[in-house]
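*Asks:* Structure here, sequence nowhere to be found:
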């Protein structure tokens with residue numbers, strides 16, 4: 001943390017049930033002090049179903065709350081303020097109306113973050129408080145519209161999965177907490193189990209630790225271990241206690257049990273849904289104890305804001321390399337692939353494909369270089385699926401100097417550096433517009449080729465000279481020792497190159513000169 005004094009920052013989270021403000025002083029050595037924490041229950045997602053519309057009243061109430069919280073943060077002299085929206089705005093077909101209203105009427109930029117960003121910010125919060133070390137871990141943040149499940153290894157978030165298990169959405173879908181706790185309970189529990197099982201199929205590691213973050217988990221922990229009124233604290237809840245709490249709610253229905261009497265009304269009505277999700281997640285993971293972390297996405301935002309203040313802007317590639325180092329990347333190989341990519345891109349700059357890429361995206365070369373540095377970071381998880389792990393780790397990271405769209409492009413490039421090339425049947429690639437898809441294809445063609453040219457990870461190929469005509473392209477490699485493996489690999493990975501540039505491809509060593 002730069003400087004000897006705390007940095008005051010503010011986070012605003014427009015969630016499905018409430019808009020929340022956190023103003024905090026973040027200091028050196030991991031010091032974190034909450035200066036103000038407020039919430040306005042705007043119930044943005046009330047009555048909302050997937051693909052539905054936010055009500056105009058909820059949009060107006062949320063916009064007013066966001067504007068008021070910005071003014072409150074400014075009055076407390078926050079040096080930086082970040083306002084984000086999550087599942088309700090992200091998933092509603094008219095979510096843009098809130099974004100536009102807040103900007104037009106109040107001059108506030110409301111950032112709709114991805115599920116991966118949401119999970120990554122929640123993980124950042126707990127990573128500052130818990131010593132997870134190298135244990136495979138999972139973090140669960142139960143929001144109103146969805147639950148974010150983050151898998152981590154070596155203290156790095158490696159995949160974030162958004163599961164449609166938000167407390168507000170579930171309570172709406174199953175007709176209120178009383179119905180969920182009584183006649184609807186078997187169907188409700190089966191629904192939760194099915195969605196969790198689907199999410200766990202995507203788990204890149206088997207978690208040994210489960211940490212719950214956010215308001216729902218904190219409220220559950222406070223019921224299991226009552227603390228002083230109004231005091232938030234990190235704690236833990238064993239699986240048996242979670243099952244007992246569920247039974248307590250079910251036995252008290254249709255009224256809330258006495259232990260929930262002091263909860264805000266809007267929180268109490270949705271708590272049962274979150275409680276069941278937390279218990280079933282622990283059970284299906286085989287976890288005996290859930291660690292409850294009082295922080296969450298807002299605390300993660302405060303940490304990220306404070307770390308970005310007080311220091312000169314970090315050049316984008318410096319940030320990429322810092323992240324790669326944390327991921328324990330193979331520096332010699334990745335940096336050599338980066339140099340080869342840079343050279344090949346320059347030699348192809350007059351081709352129609354690269355001209356289009358540069359015209360559409362002025363940072364095309366920088367994106368290619370960043371992807372080349374990061375393409376193998378997924379090997380920290382395992383080798384077999386490391387291209388997909390690299391994709392997921394990039395999506396979870398907030399790389400300085402790259403916005404959300406650029407991060408998605410980087411993730412696609414890393415994913416396609418091996419195995420299959422870009423396909424529209426792949427959701428992340430399909431999420432890009434046509435021009436960005438063309439950009440990914442062009443940059444992927446070069447990255448695959450460069451990666452093939454260092455197949456043995458020994459930097460055998462020093463240079464690659466590219467000659468391209470209307471029907472054929474030839475790459476002549478310069479190597480200190482025979483580079484048969486690299487030549488074979490480059491030919492095998494040249495499939496996307498031939499598609500993008502519309503030529504046949506030959507890769508060879510220089511022809512021996514006659515004596």
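*Replies:* Looks like it arrived, so ask away. Since we're looking at a predicted model, the values are computed, not measured.
*Asks:* From now on I want contacts and neighbour counts done on CA atoms only, so please keep to that.
*Replies:* Will do.
*Asks:* Go through stretch 257-276 and flag the buried ones.
*Replies:* 260, 267-276 (16 or more other C-alpha atoms under 10 Å).
*Asks:* which residues in the stretch 301-450 of the chain form strands?
*Replies:* Here the stretch 301-450 of the chain has no strands by DSSP state E, counting those that start in this stretch.
*Asks:* As a check, name the ranges of all helices in it.
*Replies:* 316-326, 331-347, 352-360, 364-374, 386-396, 404-415, 427-430, 434-452 (DSSP state H, counting those that start in this stretch).
*Asks:* most packed of the ones you listed?
*Replies:* Most buried of these, by mean neighbour count (mean count of other C-alpha atoms under 10 Å): helix 386-396, with a mean of 26.
*Asks:* for it, the distance to its chain's centre please.
*Replies:* 10 Å (C-alpha atoms, centre = their mean, to the nearest Å).
*Asks:* What is the least confident helix or strand in this structure?
*Replies:* Using mean pLDDT, DSSP states H and E, the weakest-scoring helix or strand in the chain turns out to be helix 215-224, at a mean of 85.
*Asks:* Who are the packing partners of that helix?
*Replies:* strand 137-142, strand 235-238, helix 239-252, helix 265-285, strand 289-293 (3 or more C-alpha pairs under 8 Å, 6 or more residues apart in numbering; DSSP states H and E).
*Asks:* Now do it and strand 137-142, the angle between them.
*Replies:* Here helix 215-224 points in a direction 100 degrees away from that of strand 137-142 (axes from the mean of the first three to the mean of the last three C-alpha atoms, to 10 degrees).
*Asks:* Any stretches of the stretch 1-150 of the chain with poor pLDDT?
*Replies:* 1-4, 49-51, 131-133 (pLDDT under 70).
*Asks:* Looking at residue 453 now. What's its pLDDT?
*Replies:* What the model reports for residue 453 is a pLDDT of 98.
*Asks:* And for the one 3 residues further on?
*Replies:* Reading off the per-residue confidence, residue 456 sits at a pLDDT of 96.
*Asks:* Number of residues surrounding it?
*Replies:* 15 (other C-alpha atoms under 10 Å).
*Asks:* any idea which element the spatially most central residue of the chain lies in?
*Replies:* Nearest to the geometric centre of the chain sits residue 116, at 2.1 Å (C-alpha atoms, centre = their mean). According to DSSP states H and E, residue 116 maps onto helix 115-127.
*Asks:* Which other helices and strands does that helix contact?
*Replies:* Using 3+ C-alpha pairs under 8 Å, 6+ apart, helix 115-127 sits against strand 137-142, strand 147-153, strand 156-163, strand 209-213, helix 297-308, helix 386-396.
*Asks:* could you dump these to CSV with distance to residue 30?
*Replies:* As requested, the helices and strands packed on helix 115-127 are arranged in CSV below (distance: least, C-alpha to C-alpha, whole Å):
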stretch, distance to residue 30
strand 137-142, 20
strand 147-153, 21
strand 156-163, 18
strand 209-213, 18
helix 297-308, 9
helix 386-396, 22
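*Asks:* Compare the ones you listed and give me the one nearest residue 202.
*Replies:* strand 156-163 (8.0 Å; C-alpha to C-alpha).
*Asks:* List the buried residues for the following helix or strand past that closest one?
*Replies:* Remark: after strand 156-163, the chain's next helix or strand is helix 167-173, criterion DSSP H and E. Neighbour-count burial for helix 167-173, counted by 16+ other C-alpha under 10 Å, picks out 167-172.
*Asks:* now swap in stretch 174-181 and tell me
*Replies:* Applying 16+ other C-alpha under 10 Å to stretch 174-181 flags 174, 176-181 as buried.
*Asks:* just to revisit the earlier point, is it true that the residue nearest to the centre of the chain touches residue 395?
*Replies:* Yes - between residue 116 and residue 395 there is a contact under C-alpha atoms under 8 Å: 5.8 Å.
*Asks:* Which residues are in contact with residue 45?
*Replies:* With contact taken as C-alpha atoms under 8 Å, 6 or more residues apart in numbering, residue 45 is in contact with 16-17, 54, 58, 88, 144-145, 168-169.
*Asks:* What strand or helix carries it?
*Replies:* Short version, using DSSP H and E: residue 45 is in no helix or strand.
*Asks:* Residue 471 versus that one, what's the distance?
*Replies:* 56 Å (C-alpha to C-alpha, to the nearest Å).
*Asks:* part of a strand, is residue 65?
*Replies:* No - assigned with DSSP: H, G, I helix; E, B strand; the rest coil, residue 65 falls outside any strand and is helix.
*Asks:* What about it, how many residues nearby?
*Replies:* 23.
*Asks:* Surely it is in contact with residue 40?
*Replies:* Yes - with contact defined as C-alpha under 8 Å, residue 65 counts as touching residue 40 (6.6 Å).
*Asks:* Give me the common contacts of these two.
*Replies:* residue 19.
*Asks:* where does the residue nearest to residue 437 when sequence neighbours are not counted land on pLDDT?
*Replies:* Once flanking residues are discounted, residue 437 sits nearest to residue 429: 6.8 Å by C-alpha to C-alpha, 6 or more residues apart in numbering. pLDDT recorded at residue 429 is 98.
*Asks:* Residue 429 against residue 416, yeah?
*Replies:* No - between residue 429 and residue 416 there is no contact under C-alpha under 8 Å: 10.0 Å.
*Asks:* Grab the nearest non-local neighbour of residue 101.
*Replies:* Residue 101's closest residue in space is residue 63 (C-alpha to C-alpha, 6+ apart), at 6.9 Å.
*Asks:* Enumerate every residue touching that neighbour.
*Replies:* Here residue 63 is in contact with 98, 101-102 (criterion: C-alpha under 8 Å, 6+ apart).
*Asks:* again, but for residue 73
*Replies:* 10, 23, 81.
*Asks:* May I ask which of those residues has the most neighbours?
*Replies:* residue 10 (33 neighbours).
*Asks:* what's in contact with the helix or strand containing that one?
*Replies:* Secondary structure from DSSP H and E places residue 10 in strand 7-14. The contact list for strand 7-14 (C-alpha under 8 Å, 6+ apart) reads 19-27, 62, 66, 69-70, 73, 77-86, 297-299, 301-302, 305-306, 309.
*Asks:* before we move on, back to that, can you put the buried residues of helix 167-173 in JSON lines and add pLDDT?
*Replies:* What follows is the buried residues of helix 167-173, written out as JSON lines (pLDDT from 0 to 100):
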{"residue": "167", "pLDDT": "91"}
{"residue": "168", "pLDDT": "88"}
{"residue": "169", "pLDDT": "88"}
{"residue": "170", "pLDDT": "93"}
{"residue": "171", "pLDDT": "93"}
{"residue": "172", "pLDDT": "89"}
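*Asks:* follow-up on the earlier one: most neighbours out of the contacts of residue 45, which is it?
*Replies:* residue 88 leads the contacts of residue 45 on contacts (other C-alpha under 10 Å) with 33 neighbours.
*Asks:* That one is in contact with residue 95, isn't it?
*Replies:* Yes - if you go by C-alpha under 8 Å, residue 88 and residue 95 touch, sitting 7.4 Å apart.
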